[in-house]
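1. need coordinates for the below:
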Amino acid sequence: MAKGPQQSNPAGRRLALVIAGTGLFWVLANLIGSEYAWSNRTRALFDLLALAGFGAAFVIAIGLWRGRKD
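-> Now for the predicted structure:
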């Protein structure tokens, strides 16, 4: 049965927040890193943290997909 506009999916909302938050974090870390001339090693650390955030979003998306499949 289709969900109406009043019924929302909290897992989908969490997925959207994780993706948006990770993207915002990554962009801000790059901007701040270029402003304060952080070393490439420090910038790479923030890149790896963003990659981990997107990996977590992928895990949430797979769980959401598997939940809908049942």
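
2. average pLDDT across stretch 57-67?
-> For stretch 57-67, the mean pLDDT works out to 93.

3. ditto for stretch 40-49
-> 97.

4. what does it contact?
-> Here stretch 40-49 makes contact (Cβ atoms under 8 Å, 6 or more residues apart in numbering) with Phe25, Trp26, Ala29, Asn30, Gly33. No exception for glycine: its C-beta is placed from N, CA and C like everyone else's.

5. and what of stretch 13-20?
-> Stretch 13-20 is contacted by residues Gly53, Phe54, Ala56, Ala57, Ile60, Ala61, Leu64 when judged by Cβ under 8 Å, 6+ apart.

6. show me how far it is from its chain's centre.
-> 6 Å (Cα atoms, centre = their mean, to the nearest Å).

7. quickly find the element holding the residue nearest the centre of the chain.
-> The chain has Ile19 as the residue nearest its centroid, 2.6 Å off, counting by Cα atoms, centre = their mean. Taking DSSP states H and E as the criterion, Ile19 maps to helix 10-35.

8. what is the subsequent helix or strand relative to that helix?
-> Next element after helix 10-35 (DSSP H and E): helix 40-69.

9. in that following helix, what counts as buried?
-> By 16 or more other Cβ atoms under 10 Å, the buried positions in helix 40-69 come out as Phe46, Ala50, Gly53, Ala57, Ile60.

10. could you dump those to TSV with distance to Ala11?
-> Listed next are the buried residues of helix 40-69 as TSV, based on distance: Cβ to Cβ, whole Å:
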residue	distance to Ala11
Phe46	27
Ala50	22
Gly53	17
Ala57	12
Ile60	7
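
11. before we move on, back to that, buried ones among the contacts of stretch 40-49?
-> The buried subset of those - by 16+ other Cβ under 10 Å - is Trp26, Ala29, Gly33.

12. look up how far Ala20 lies from the residue lying closest to the last one once chain neighbours are set aside.
-> If I follow you right, that is Gly33. Leaving aside its chain neighbours, Gly33 sits nearest to Arg43 (4.7 Å; criterion: Cβ to Cβ, 6 or more residues apart in numbering). When distance is defined by Cβ to Cβ, to the nearest Å, Arg43 is 21 Å away from Ala20.

13. repeat that for Ala44.
-> Look at Ala44 and Ala20: by Cβ to Cβ, they are 23 Å apart.
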